Structures are given as structure tokens and as C-alpha cells.
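>>> sequence and predicted model, in that order:
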Amino acid sequence: MKLLIDELTEEKRIDAYLADYMQDFSRSKIQAEIKKGNVLVNLNPVKSSYILKEGDIIEILPSLMDSDKILAEDIPLDIVWEDENMLVINKPSGMLTHPTATEKSDTLVNALLYKYGENLSDINGEYRRGIVHRLDRNTSGLLMIAKNNRTHQYLVDKMKQGKVEKRYLAIVKGIIEEDEFCINKPIGRNPHQPHKMCILEGGKESISQVRVLNRFRDVSLVEVKLITGRTHQIRVHLSSIGHPVYNDTLYGFGKIKIKTDEQVLQSYKLSFPKPFEGEIISLEIPACEKINKVLRALNNASF
């Protein structure tokens, strides 16, 4: 099996990354296999302390793969657009995009395997079949899925070229005075809390364009266009200017006023070149119930 490291999974030790990815093996077992040369990076043996970089290709010998299969599960999919090479789904809030070290069921990948079987890209391994990019568990909205490796690589290349446009709706704390502005602050992994990202000198360039759509009593409804696509970028950027996403307890929203399942954030617009044809596909879905629930409760209004 081969695994392609993207910008969302880089900067981890290879033994830690594989221990998360292959939860049926202990870290010490994985370290032993690395020492034996049964795990390669870019065709070369490495040490367990090797720090992964974007673009690295990990190759794992078959002896380690006996328990790597993920079960297909009959979970409904909200398919917004589809052709022979790919599809776009509307991922619900609360669903993991792919299995993790502690959760192997009820994810989007489990649902995709039930409907499409082996007809999904496997560039990123069994746990991430078809997954081109990700949304946090509690972020809902539009997500691209590749049915084959050629399409997967095409979409990744288009994202790197800035040809894929992703726009999000978010409700944020407080009134934002400016109508439109750009946040250009580097993001990296928080050195003291590795499960979080933060504004970090020397981090990766991260750019978000923000447009205020409406202002209410004590919140603002904004649209965020991603110029780059870093882990937790919108949440970190908006928190950094004192306007964290509503109910985002990880990045400082504070006391919850209206109960929702974590951050009120939705990927609602997506445009991309249709694979191998170039026609621009533009998709938009209505604001989710989570957004309207907060607006109705605060202002007796909906978007």
C-alpha cells in the first residue's frame, strides 16, 4: 500500500502517523517494522523519527496490511453532482470524513465504500478512499470525491493551481465593521497543543478573504473564500481577529448561547474544472439548518 502525504498530515513523525493510521498495530510494532526496512518513504528506508513532508509517498509492505480494510456501511449520501470520474456530496455536520485511530465506522468513507466499492481512488490508502480534501467533523457542506486515481491527482493539481474555489458561510462572534477584508497570517501546528493549529511565525502562508453578508444583534454572518487550504484555517483566522466562529469551543468562542453541534460553519459554494474537460462546474447549496437555527434564535431571522 502507498500513502501520499498532503499538507494536512505533514509535520508528523512517521511512526506516530502510521500508529494513528493503522490502529491495529502498536507504535512499537510499527517502529520495529520501520527498523527492518518494511516501510519506505520515496522508495528509501527511514528512521522512526522521520518528519513527514507534503508530497512524501509512504510505501508499506503487505505484511503490515492484514487489518487495514474498512467496512462498508449503508449510510445515506446526499449527492449534489456526479459524473463517471467524481462526485460532490453534501456532508452532514457530525460525520467524520474518514476513519481515525479511534473511530472506524459511521464515517463518509464507510458510506462511500457501500455505494461505490472499489471504484474510489486509493492514493491516500484504504482509510481515505476517494477523499480529495476534508471537512472537520462538525463542518457541513460540499466535498469532492474521486472515483479513480487519475481524477484524484487531477483535482489535487487544480487545487494547488488555485483553480478550485471554495466558499464557506460562518456565523461569528461580534459585529465586524469592515465589509470586505483579507486575512493573511501564517498557520502552523500549535507547539503546546498539537491537536490545534495557530498563527505561527514561520508557519505556512494562509490567506482567507472575508465578506460580511449581514450583521445582527451580537453576531455577524460572513462568507469566507479560501485562497489557501490549511488545517482549521477559517477557524484559526477568524479567532485571530477576535471573531471566532459561533460555538467553536476549540478556538475560543466561549460560553454557548444556543445549542448546536459545535462550530457554525458550512462549505456552501464550490467550483472546479470538470476532470479532463475543463468545463467549470459551479455548485451552491442553501444555508444549513444549523446556521438558520442560530439566526432565528438570535434575531427572529433566517438567511
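Perfect, I can see it now. Quick caveat: nothing in here was measured; it's all calculated off a predicted structure. Numbers count the residues shown, from 1 in each chain.

>>> distance of Phe272 from Gln266?
Taking CB to CB, to the nearest Å as the measure, Phe272 and Gln266 are separated by 18 Å. In short, each C-beta sits where N, CA and C put it, glycine included.

>>> just Lys259 next, same as before
As judged by CB to CB, Lys259 and Gln266 stand 17 Å apart.

>>> which of the two has more neighbours?
Neighbour tally, Lys259 and Gln266, criterion other CB atoms under 10 Å: the higher count belongs to Gln266, 26 against 9.

>>> parallel or antiparallel, list what pairs with the helix or strand harbouring that one.
Gln266 belongs to strand 265-273 when elements are defined using DSSP states H and E. Here the strand partners of strand 265-273, with direction, are listed using DSSP bridges: strand 140-146 (parallel), strand 165-173 (antiparallel), strand 280-284 (antiparallel).

>>> from the chain's centre, how far out does the first one sit?
Chain-centre distance of strand 140-146: 9 Å, with CA atoms, centre = their mean, to the nearest Å.

>>> ok, and what's touching it?
Among residues not part of strand 140-146, those counted as contacts by CB atoms under 8 Å, 6 or more residues apart in numbering are 80, 85-93, 97, 108, 112, 120-121, 130-135, 152, 155, 164, 166, 168, 265-270, 272, 283, 285, 288, 290.

>>> now these: which count as buried?
80, 85-93, 97, 108, 112, 120-121, 130-135, 152, 155, 164, 166, 168, 265-270, 272, 285, 288, 290 (16 or more other CB atoms under 10 Å).

>>> among those residues, which lie within helices?
Using DSSP state H, the subset of the buried ones among the contacts of strand 140-146 located in helices is Leu108, Leu112, His152, Leu155, Lys290.

>>> any chance of the residues you listed in TSV, with pLDDT and distance to Phe181 too?
Converted to TSV, these look like this (pLDDT from 0 to 100; distance: CB to CB, whole Å):
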residue	pLDDT	distance to Phe181
Leu108	97	33
Leu112	98	37
His152	96	34
Leu155	96	29
Lys290	90	25
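
>>> make CSV out of those and add distance to Pro45.
Rendered in CSV, the data for those read as follows (distance: CB to CB, whole Å):
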residue, distance to Pro45
Leu108, 34
Leu112, 33
His152, 27
Leu155, 31
Lys290, 47
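
>>> ok, now which ones touch Ile60?
Taking CB under 8 Å, 6+ apart as the contact definition, Ile60 lies against Met1, Lys2, Leu3, Leu18, Asn38, Val39.

>>> quick check: the first one touching Lys69?
Read it as Met1. No - with contacts counted by CB atoms under 8 Å, Met1 stays clear of Lys69, the gap being 11.0 Å.

>>> okay, these two: which has more neighbours?
Using other CB under 10 Å, the more surrounded residue of Met1 and Lys69 is Met1, with 15 against 11.

>>> can you name the residues bridging to the nearest residue to the more buried one once chain neighbours are set aside?
In this structure, Met1 finds its nearest non-sequential neighbour in Ile60, 4.9 Å apart by CB to CB, 6 or more residues apart in numbering. Judged by DSSP bridges, the bridge partners of Ile60 are Val39.
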